[in-house]
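Novice: dropping a prediction and its sequence here:
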Amino acid sequence: MAWRVQTVADRRWEFVQAWLKGEVSKAALCRRFAISRKAGYKWVQRHAREGRAGLADRSRAPHRQGRASAAEVVALVVKMRRQHGWGARKLMPELRRRLGGGAPSLATVERILERMRLTRPRKRRRRAPRYAGQRTVADKPNRVWRADYKGNFVTGDGQRGEPLTVTDGCSRYLVVLWPSSGTGEREARQAFMAAFLRYGLPDVILTDNGNPFASTTQTGLTRLAVWWIKLGIRHERIAPGRWDQNASHERFHATLCAATLSPPAPSQRAQRRRFTRFQTLYNEVRPHEALAQVPPAQRYSASLRKMPARLAPPLYAADTLVRRVRTNGTIKWQGRLVYIAEVLAGELLGLRHDAAGIAQVHFYAVHLGTIEARGKAQIFRRVRPPLQGRPHAP
């Protein structure tokens, strides 16, 4: 025969049964079960309301937390999250504006989003080591513009798109969001022309080494890069495969994709409208964590360098020899044809002898390379690395 195990609930049930029989006084009954009369009355009343189930132990946690967020605050956080798709840090400025001193803390907003299953923890990623090279520091608006293509997508009607994006490195202002169909030079030039006319010229444009920004020719130049040089814009490029050298712009692409391309719009026209709304929201409304949670528009101002009506010819020193590039990309030097680049056809290059007798080749303010004698031939050698990674004095 097994031993009978008596629980606390069983003892309470025995107490209530004895209480209801009334054979012993209430005070004596409470002393027998070693409880106070107040506790005795509590268990009898709970049994009267809920039956024997009411004699089980309950959680001692309060029914309502005294510091719990009001239902209106929770509803506002959920509404703003679903409306904008922002995280807790982005939501805080707007919550403070609407609720004033009654706004919840950042940790509270994070817990609300987590409790409502509106966020999910990110996987920790191994970060590449920081790049030790030097590039122009974006210390003020329009010092450095960062340009890249988001990557191709297909709208619901089967149309392919590959948006060109340009952001200001200092203010994070979205200067260009161009819904181009590819990475051709013509569409890219249209996008940059519109940006230059509206915002003026930057000092530097930072890109990767892909089309239409760079080529695999010996100068590394494209027609777009040649145009920038003639406008007095310095073109800097990240090292091949080192996307982390343009990390802030790559991070922006993640935001753009989540807001406008997940999934793409049903048609190309609808996708353009979506891009336009996002550009306004990103620049003027959405708080940016790198800017102390203010929108980029509050930190950006147009450049004082305006787009010229016509391009000025290069000005070289008096002791510089000037040669015009032929249609096949060559120049005449010391009685021989030397190939430079076809994209420079019709342009004027400046050549100067250095102390070693080697000709230094310049295009406007850019040092393209050298012309050296190899036997009876003249060989052009480009500067390595081409137009990238060098400190730029403001």
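Specialist: Cool, the structure landed.

Novice: roughly how far apart are residue 76 and residue 143?
Specialist: According to Cβ to Cβ, to the nearest Å, residue 76 and residue 143 sit 39 Å apart. C-beta here means a position set from N, CA and C on the backbone, and glycine is covered the same way.

Novice: please disregard the earlier target; I meant residue 326.
Specialist: Residue 326 is 37 Å from residue 143, by Cβ to Cβ.

Novice: for the closest residue to residue 172 other than its chain neighbours, which residues are in contact?
Specialist: Among residues not flanking residue 172 along the chain, residue 296 sits closest, at 4.6 Å (Cβ to Cβ, 6 or more residues apart in numbering). For residue 296, the contact set (Cβ atoms under 8 Å, 6 or more residues apart in numbering) comprises 168, 171-174, 282-283, 288.

Novice: buried sites along stretch 166-184?
Specialist: For stretch 166-184, burial by neighbour count (16 or more other Cβ atoms under 10 Å) applies to 166-180.

Novice: go on, stretch 109-122?
Specialist: Of the residues in stretch 109-122, 109-110, 112-113 count as buried by neighbour count, 16+ other Cβ under 10 Å.

Novice: quick one: contacts of the lengthiest strand in the chain?
Specialist: Longest strand of the chain, by residue count under DSSP state E: strand 366-374. With contacts defined as Cβ under 8 Å, 6+ apart, strand 366-374 is touched by 218-219, 229, 333, 338, 340, 349, 351, 358-362, 378-383, 387.

Novice: 6 Å instead, please
Specialist: Strand 366-374 has contacts (Cβ atoms under 6 Å, 6 or more residues apart in numbering) with 219, 229, 333, 338, 358-361, 378-383.

Novice: which one among those residues gets closest to residue 49?
Specialist: Lowest distance from residue 49 to these (Cβ to Cβ) belongs to residue 229, with 86.5 Å.

Novice: then the helix or strand hosting that closest one to PDB, C-alphas only?
Specialist: Element membership for residue 229, per DSSP states H and E: helix 223-230. Provided in PDB are the C-alpha atoms of helix 223-230 (Å, rounded to 0.1, in the frame of the first residue of the first chain):
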ATOM      1  CA  ARG A 223      33.300  58.600 -70.300                       C
ATOM      2  CA  LEU A 224      31.500  59.400 -67.100                       C
ATOM      3  CA  ALA A 225      34.700  59.700 -65.200                       C
ATOM      4  CA  VAL A 226      36.200  61.900 -67.900                       C
ATOM      5  CA  TRP A 227      33.200  64.200 -67.600                       C
ATOM      6  CA  TRP A 228      33.600  64.400 -63.800                       C
ATOM      7  CA  ILE A 229      37.300  65.400 -64.200                       C
ATOM      8  CA  LYS A 230      36.400  68.200 -66.600                       C
END
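
Novice: what is the subsequent helix or strand relative to it?
Specialist: Counting by DSSP H and E, the next helix or strand C-terminal to helix 223-230 is strand 234-237.

Novice: other SSEs contacting that following strand?
Specialist: strand 204-207 (3 or more Cβ pairs under 6 Å, 6 or more residues apart in numbering; DSSP states H and E).

Novice: so which of the contacts of residue 296 are in helices?
Specialist: Under the assignment DSSP state H, those contribute 282-283 to helices.

Novice: who touches residue 117 in this structure?
Specialist: Counted by Cβ under 6 Å, 6+ apart, residue 117 has zero contacts.

Novice: what about it, distance to residue 105?
Specialist: In terms of Cβ to Cβ, residue 117 sits 20 Å off from residue 105.

Novice: do residue 42 as well
Specialist: Distance from residue 42 to residue 105, by Cβ to Cβ: 38 Å.

Novice: for residue 370, same thing?
Specialist: 62 Å.

Novice: for the helix or strand hosting residue 83, name the packing helices and strands.
Specialist: Assigned by DSSP H and E, residue 83 belongs to helix 71-84. If you count contacts as 3+ Cβ pairs under 6 Å, 6+ apart, helix 71-84 packs onto helix 106-115.

Novice: distance from the chain centre to the helix or strand just after the helix it packs on, please.
Specialist: Using DSSP H and E, the helix or strand that follows helix 106-115 towards the C-terminus is strand 144-149. In terms of Cα atoms, centre = their mean, to the nearest Å, the centre of strand 144-149 is found 12 Å from the chain centre.

Novice: strands paired with strand 144-149, and their directions?
Specialist: Strand 144-149 sits in its sheet next to strand 164-168 (antiparallel), strand 204-207 (parallel), going by DSSP bridges.

Novice: tabulate these in JSON lines, adding columns for distance to residue 52.
Specialist: As requested, the strands paired with strand 144-149 are exported to JSON lines (distance: least, Cβ to Cβ, whole Å):
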{"stretch": "strand 164-168", "distance to residue 52": "69"}
{"stretch": "strand 204-207", "distance to residue 52": "75"}
